[in-house]
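Participant: no sequence for this one, just the structure:
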């Protein structure tokens, strides 16, 4: 070994240049082999995030210009007859002052109905809580077992005498084997069927009676229920046996010249049938009650959740009814002076009718929206205004006027809306460019997911989840590797904005969902619920979807 080391050392000293090149090649080859062995470039990576509760603010954006002193046409949100006029021409009015009332009889009725419906739902919930309390449910179940023991005891008062009675009937001379044999093969078939059932029910009854004698009211629920089931089966078999013997007796009665000889047996069997059927009905009823009470325990929580959901729906219906009722009062959107009132008391108006014109000295933002966006805009919705010329300024405002008729330009329909400023700033000049974000909906304390996590297929929204959390990445690259394809979980979605989507059902808080899939090298288009993103073939880790 020492000789080999000496030889290599001598070679390197005498051939320095060649040795350096050799070492570089050797290092490069080692790095290449290491990269091939450890590379994950061919693996799909998944970026995940936990579903959380939060707030979503949905808004519509548009641009326009600042306008100086202007007049606003006031139009109601509801239709009906004018029942109140609260201002006169030339009078100064204040923001929020009631200017007109429209007949709201139907709307008030809707509110009352919604209040009654909500109160009824709350009473139903309290009743359900009382019924489903553990003490009450246990008490009901205990009573059902006690009633079951009583039903079994009542049955055993009649079962022994009935079985003895049908045995006596089978042993009567006019129903004996010899007599029946003389009546032909059909009679023998009836006799054989009756005897077979009789011996079967007799054996079943004897075993049933042994178990019943071991039972008392303090026995375990399992033993009581077992004897109830056993007695029910015995009683059901006994009804079949009685019917079979009655078929035999009826046949012999019709086939003989002395039908009166069978009347007593027929009457006795009819009495047995009525009595045993009553026991059978009682035992079936108690079996059903026990099952229902036992099933009530796991279903109680589901019933409560359903009732709570009903209350939430009723609350939403009441909120909607009250919001609609507010539409029957027309209020001043800002401080100003009444310029005109073209309607009188009793006049019929609609959402397109101008009931008043207000002059204001406040600056307004005149914003242009397309026909899709303007359909989501309502009067008095809040807005946030920003200005190109004043980057550090943000002013809040609210919608005070919406065009009823759009403007068509080169085949495109646009509608102007006016947004009043909540505060005035001297830096804002007439004609300045302004951008408005109009808030159309706000939901708080809801489940939210990134838009990239929500996809759509065949008209159904879904997210992707793994059965087990992925291991965190350790190679410094984005996402975690998984050889297993994630599961598709259908979800119901609500409102959304540019970043997030409300999840109504399908997943719960804390679930980890896939927000981004990074493919090694592919051409693929993944459609989300809010559009599609296309990736082109590329090297490295590819394009995210």
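Facilitator: Received it, and whenever you're ready, just let me know what you need. As the structure is a computational prediction, the values presented were derived from the model and not from experiment. Numbering: from 1, shown residues only.

Participant: look at residue 371 and report its pLDDT.
Facilitator: Residue 371 carries a pLDDT value of 91.

Participant: tell me which element the closest residue to residue 259 other than its chain neighbours falls in.
Facilitator: Excluding its sequence neighbours, the residue lying closest to residue 259 (CB to CB, 6 or more residues apart in numbering) is residue 253, at 4.5 Å. For the C-beta atoms, the positions are set from N, CA and C on the backbone; glycine is no exception. Taking DSSP states H and E as the criterion, residue 253 maps to helix 221-255.

Participant: next, the buried residues of that helix.
Facilitator: 224-225, 227-228, 230-232, 234-239, 241-242, 244-246, 248-253 (16 or more other CB atoms under 10 Å).

Participant: low-confidence regions, the stretch 101-250 of the chain specifically.
Facilitator: Counting by pLDDT under 70, the stretch 101-250 of the chain contains low-confidence ranges at 130-137, 178.

Participant: which residues of it fall in helices?
Facilitator: Remark: helices assigned in the stretch 101-250 of the chain by DSSP state H, counting those that start in this stretch are 105-131, 134-170, 177-182, 185-213, 221-255.

Participant: so which of those helices gets nearest residue 390?
Facilitator: helix 105-131 (42.8 Å; CB to CB).

Participant: give the buried residues for that closest one.
Facilitator: Those would be 107, 110-111, 114, 117-118, 121, 125, 128, for helix 105-131 by 16+ other CB under 10 Å.

Participant: and for stretch 47-55?
Facilitator: 47-48, 51.

Participant: residues contacting residue 503?
Facilitator: By CB atoms under 8 Å, 6 or more residues apart in numbering, the contact list for residue 503 reads 51, 446-449, 454, 463, 491-494.

Participant: highest neighbour count among those residues?
Facilitator: Within the contacts of residue 503, residue 463 tops the neighbour count with 26 neighbours, counted by other CB atoms under 10 Å.

Participant: ok so that residue is a strand residue?
Facilitator: Yes - the assignment for residue 463 by DSSP: H, G, I helix; E, B strand; the rest coil puts it in a strand.

Participant: quick check: it vs residue 515, distance?
Facilitator: The spacing between residue 463 and residue 515, counted by CB to CB, to the nearest Å, is 9 Å.

Participant: overlap of the contact sets of the two?
Facilitator: Shared contacts of residue 463 and residue 515 (CB under 8 Å, 6+ apart): 449, 453.

Participant: for residue 214, which non-adjacent residue is closest in space?
Facilitator: Closest to residue 214 by CB to CB, 6+ apart is residue 223, at 7.9 Å.

Participant: and residue 66, how many neighbours?
Facilitator: 19.

Participant: I'd guessed it sits against residue 432; true?
Facilitator: Yes - using CB atoms under 8 Å as the test, residue 66 is close enough to residue 432 to be in contact (4.6 Å).

Participant: identify the contacts common to these two.
Facilitator: residue 387.

Participant: so what's residue 122 up against?
Facilitator: For residue 122, the contact set (CB under 8 Å, 6+ apart) comprises residue 311.

Participant: and if you look at residue 294?
Facilitator: Counting by CB under 8 Å, 6+ apart, residue 294 touches residue 141.

Participant: that one: what secondary structure?
Facilitator: helix.

Participant: quick one: low-confidence ranges for the protein?
Facilitator: Under the criterion pLDDT under 70, the flagged ranges of the chain are 1-42, 69, 130-137, 178, 296-301, 474-476, 521-545.

Participant: and it, what are its domains?
Facilitator: Domain segmentation of the chain under automatic domain parsing yields 2-38, 45-54+445-535, 57-101+348-443, 134-309.

Participant: okay, the ones you listed in a markdown table with distance to residue 338 next?
Facilitator: Below are the domains of the chain laid out as a markdown table (distance: least, CB to CB, whole Å):
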| stretch | distance to residue 338 |
| --- | --- |
| domain 2-38 | 79 |
| domain 45-54+445-535 | 37 |
| domain 57-101+348-443 | 5 |
| domain 134-309 | 47 |
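
Participant: which of the ones you listed sits closest to residue 335?
Facilitator: Evaluated over these, closeness to residue 335 peaks at domain 57-101+348-443, with 5.5 Å, by CB to CB.

Participant: any idea how far that closest one is from the chain center?
Facilitator: 37 Å (CA atoms, centre = their mean, to the nearest Å).

Participant: and stretch 496-511, by the same measure?
Facilitator: Centroid separation for stretch 496-511 versus its chain: 13 Å, with CA atoms, centre = their mean.

Participant: of the domains of the chain, which approaches residue 339 most closely?
Facilitator: The closest of these to residue 339 is domain 57-101+348-443. By CB to CB, the value is 4.3 Å.
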